[in-house]
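K.L.:
Quick one, what's the 3D model for this:
(one chain, ligands or ions: 2)
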Amino acid sequence: MAYVIALPCVDVTDRACVAECPMDCIYEGARSLYIHPGECMDCGGCEVVCPVGAVYYAEDLPSALQEYAPDNGRFFTEVLPGRDAPLGSPGGAAAVGPLNVDTPMIAALPPQSPPEQQRRREPRGGGSCCAGDRHD
Ligand code: F3S
Ligand code: F3S
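P.N.:
Ligands and ions are numbered 1, 2, ... in the order given. Just a heads-up that it's a prediction; the model follows:
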């Protein structure tokens, strides 16, 4: 299984992950981006740079976000609204460009505001200390 883009990306679409991906396998929908599960080589570069923590290794998805693993796949295997064939495996997102379409699951979500996204973000172990933070 590959890495997965989940709820915190929706209506944020920062795209920092796209520049990091050596496989060019992060495809842009209307309200979210989607990782191609067959093209991702699990380098993890996208997870590190996403400012809202939207990227997870599939096996590490919190229970509330489990559905995002199959849903990233659906972006490529199902015929999406307004298209006449599945996207399949294009072998590179840059050549495909932004697609003004989402999976039905993403399209049905209510608008997500960035502050709301931040509140939903679940901390992941460790509690790192950021340079520049004051602790006095
Ligand atoms: Fe989305 Fe984060 Fe990439 S917000 S577009 S997964 S950098
Ligand atoms: Fe690309 Fe992230 Fe996979 S950077 S190769 S989508 S782990």
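
K.L.:
Counting residues, which helix of the chain comes out longest?
P.N.:
Secondary structure of the chain per DSSP state H: the longest helix is helix 68-77.

K.L.:
What average pLDDT does that one get?
P.N.:
Over the span of helix 68-77, the pLDDT mean works out to 98.

K.L.:
quick one: buried residues of it?
P.N.:
68-69, 71-76 (16 or more other Cβ atoms under 10 Å). Every residue, glycine included, has its C-beta placed from N, CA and C.

K.L.:
So what's the residue count around Leu7?
P.N.:
When neighbours are defined as other Cβ atoms under 10 Å, Leu7 has 22 of them.

K.L.:
For it, which non-adjacent residue is spatially closest?
P.N.:
Nearest residue to Leu7, sequence neighbours excluded (Cβ to Cβ, 6 or more residues apart in numbering): Leu65, at 6.0 Å.

K.L.:
List phi and psi for the residue nearest to Cys25 when sequence neighbours are not counted.
P.N.:
Spatial nearest neighbour of Cys25, excluding adjacent residues (Cβ to Cβ, 6+ apart): Glu39 at 3.5 Å. Here is the backbone geometry of Glu39 (degrees, to the nearest 10): phi -100, psi -20.

K.L.:
Counting neighbours, what do you get for Glu39?
P.N.:
Using other Cβ under 10 Å, Glu39 has 19 neighbouring residues.
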